[in-house]
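Q: kindly generate the corresponding structure for this input.
(one chain, ligands or ions: 1)
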Amino acid sequence: MSGVSRALAQVDLGAIERNCARLPKPLCAVVKADAYGHGPVAGAALRGGATWLAVATAGEARELRAQGVDAPVLVMGALTRDELRVALEAEAEVVAWTDEVAGVATRAHVKLDTGMGRLGTKDREHALRLAARPNVTGLMTHFATADEPGDDLFPAQLEAFQSFVEAVGRDDLLVHAANSAAALRDAASHFDMVRCGIAVYGMDPFHQDPAAHGLEPALSLHSWVAAVRRFEPGDSAGYGRRWTAEEPCWVATVPVGYGDGWRRGLTNDCDVLIRGRRHPVVGTVSMDNVTVALGTGTDVEVGDAVVLIGSQGEERILAEEVARRLGTISYEVTTGLLPRVRREHLR
Ligand SMILES: Cc1ncc(COP(=O)(O)O)c(C=O)c1O
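A: Numbers count the residues shown, from 1 in each chain. This is a model prediction of the structure:
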């Protein structure tokens with residue numbers, strides 16, 4: 001069947017550029033985990049006005065260099081000695097909270113843990129000692145609850161970091177703290193640069209509609225109708241008979257499943273778009289297929305395009321909707337798309 005693909009993620013590079021253009025500057029685009037599942041999009045982020053890139057691992061920094069990216073790169077994750085060497089070979093700056101890493105890195109950003117409780121030193125005196133080193137080029141922290149407006153921790157973290165930055169008292173350092181939610185929520189968190197991931201991809205850090213912040217989802221997920229079959233009352237679809245027809249009806253088979261990252265938790269609990277209309281996925285999501293109820297009469301035909309995330313006609317399914325159904329966040333929905341899903345980057 002030409003013109004369709006069993007599982008295709010289309011990534012609109014123009015949307016990534018426009019999202020970056022809308023975000024505060026200076027902007028560091030966070031492109032870890034294959035750019036949250038979007039593939040090689042660093043060039044679009046840079047065209048949109050990002051001047052830094054951030055990744056979690058040394059391998060990701062090396063990969064950016066292999067793609068020809070020469071913008072400054074920050075490796076934010078914990079590094080073994082071997083990984084630190086790889087990061088340095090990639091001429092990346094690294095985040096440091098131990099004497100060992102701060103002592104070896106060429107350019108280090110000291111991380112104070114102001115309440116995330118994950119990476120960074122919680123010991124302010126230790127952070128102050130690290131920050132006095134001549135190879136230190138930046139100071140950072142990371143917010144735990146920036147996506148929860150009205151919480152107490154965010155302002156407390158901001159205040160603790162502000163006070164630390166003042167105590168360091170160096171004006172030659174790049175100071176940064178804000179993720180997407182903080183960047184959109186409070187200009188006081190911007191310092192010298194914001195570090196945005198989710199908003200770059202046009203998803204809403206507050207888990208609502210990204211359009212509220214002028215953001216455009218960059219990724220859409222597509223498949224096709226591989227079969228349309230008549231079901232009689234009592235006929236069931238998929239493993240375990242988790243859905244049974246109650247009346248004569250039509251069911252489509254769409255060749256995408258949890259082997260593509262379309263999670264089994266969506267069994268009997270998501271919609272897809274066909275011919276501009278929503279249709280429910282019925283029965284168990286299997287590794288390679290889902291089944292979709294078309295109703296008692298249908299014009300749907302084999303070969304029709306199916307949208308699992310994205311728009312068709314007037315209808316739209318956001319990654320945020322899929323995430324809500326799974327009890328997770330949009331980050332995990334796009335990052336969880338597996339390598340079997342072909343990525344196509346549209347200019
Ligand atoms: C240290 C750090 N900064 C910034 C970000 C970007 O966060 P977001 O995608 O919410 O903008 C992340 C992502 O998890 C992170 O780990």
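Q: residues from this protein in reach of the ligand?
A: V30, M76, H142, N179, S180, A181, R195, C196, G197, I198, A199, P205 (CB under 6 Å from any ligand atom). Glycine gets a C-beta too; all of them are placed from N, C-alpha and C.
Q: at 5 Å instead, please
A: V30, M76, H142, N179, S180, R195, C196, G197, I198 (CB under 5 Å from any ligand atom).
Q: buried among those? Need that as a selection in PyMOL.
A: Buried residues within these, by 16 or more other CB atoms under 10 Å, are selected in PyMOL with:
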select buried, resi 30+76+142+179+180+195+196+197+198
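Q: residue nearest the centroid of the chain?
A: Taking CA atoms, centre = their mean as the criterion, Y36 is the residue nearest the geometric centre of the chain, at 3.4 Å.
Q: where in this protein is pLDDT low?
A: Where the chain drops to pLDDT under 70, the residues are 1-4.
Q: quick one: the helices in it?
A: For the chain, helices defined by DSSP state H occupy the ranges 13-22, 32-37, 42-47, 58-66, 81-89, 99-104, 124-131, 153-168, 180-185, 319-326, 330-335.
Q: in the longest one, what counts as buried?
A: When neighbours are counted by 16+ other CB under 10 Å, the buried residues of helix 153-168 are found to be F154, Q157, L158, A160, F161, Q162, F164, V165, V168.
Q: hang on, isn't the first one packed against D147?
A: No - with the criterion set as CB atoms under 8 Å, F154 and D147 do not qualify as a contacting pair; they are 9.2 Å apart.
Q: ok, D99 touching A127?
A: No - applying CB under 8 Å as the test, D99 and A127 come out as separate, 11.4 Å apart.
Q: contacting residues for the residue of the stretch 101-250 of the chain found nearest the ligand?
A: For the stretch 101-250 of the chain, the residue closest to the ligand is G197, as judged by CB to the nearest ligand atom, at 2.6 Å. The neighbours of G197, taking CB atoms under 8 Å, 6 or more residues apart in numbering as the test, are A29, V30, V31, K32, Y36, A54, N179, S180, Y331.
Q: max-length strand in this protein?
A: Ranked by residue count under DSSP state E, the longest strand found in the chain is strand 305-312.
Q: and that one with helix 319-326, angle?
A: Angle between the axes of strand 305-312 and helix 319-326 is 110 degrees (criterion: axes from the mean of the first three to the mean of the last three CA atoms, to 10 degrees).
Q: returning to that earlier point: tell me who's in contact with the residue nearest to the centre of the chain.
A: Residues in contact with Y36 (CB under 8 Å, 6+ apart) are G197, I198, Y201, Y331, T334, T335.
Q: now swap in V73 and tell me
A: Contact analysis of V73 by CB under 8 Å, 6+ apart lists W52, L53, A54, V55, A61, L64, R65, A90, E91, A92, E93.
Q: so which of these is the closest to G240?
A: V55 (40.4 Å; CB to CB).
Q: contacts only, for the closest residue to the closest one other than its chain neighbours.
A: Using CB to CB, 6 or more residues apart in numbering and skipping residues adjacent in sequence, the residue nearest V55 is K32, 4.6 Å away. Residues in contact with K32 (CB under 8 Å, 6+ apart) are A54, V55, A56, T57, E60, M76, G77, G197.
Q: how close does K32 sit to V75?
A: Going from K32 to V75 by CB to CB, to the nearest Å gives 9 Å.
Q: what is in contact with these two at once?
A: Shared contacts of K32 and V75, defined by CB under 8 Å, 6+ apart, are found at A54, V55, A56, T57, E60.
Q: from those, pick the one nearest T137.
A: Nearest to T137 among the shared contacts of K32 and V75: A54, at 14.0 Å, using CB to CB.
Q: the closest one contacts V31, correct?
A: Yes - look at A54 against V31 with CB under 8 Å: they come within range, at 7.1 Å.
Q: so what's the residue count around D70?
A: Neighbour count of D70, defined by other CB atoms under 10 Å: 9.
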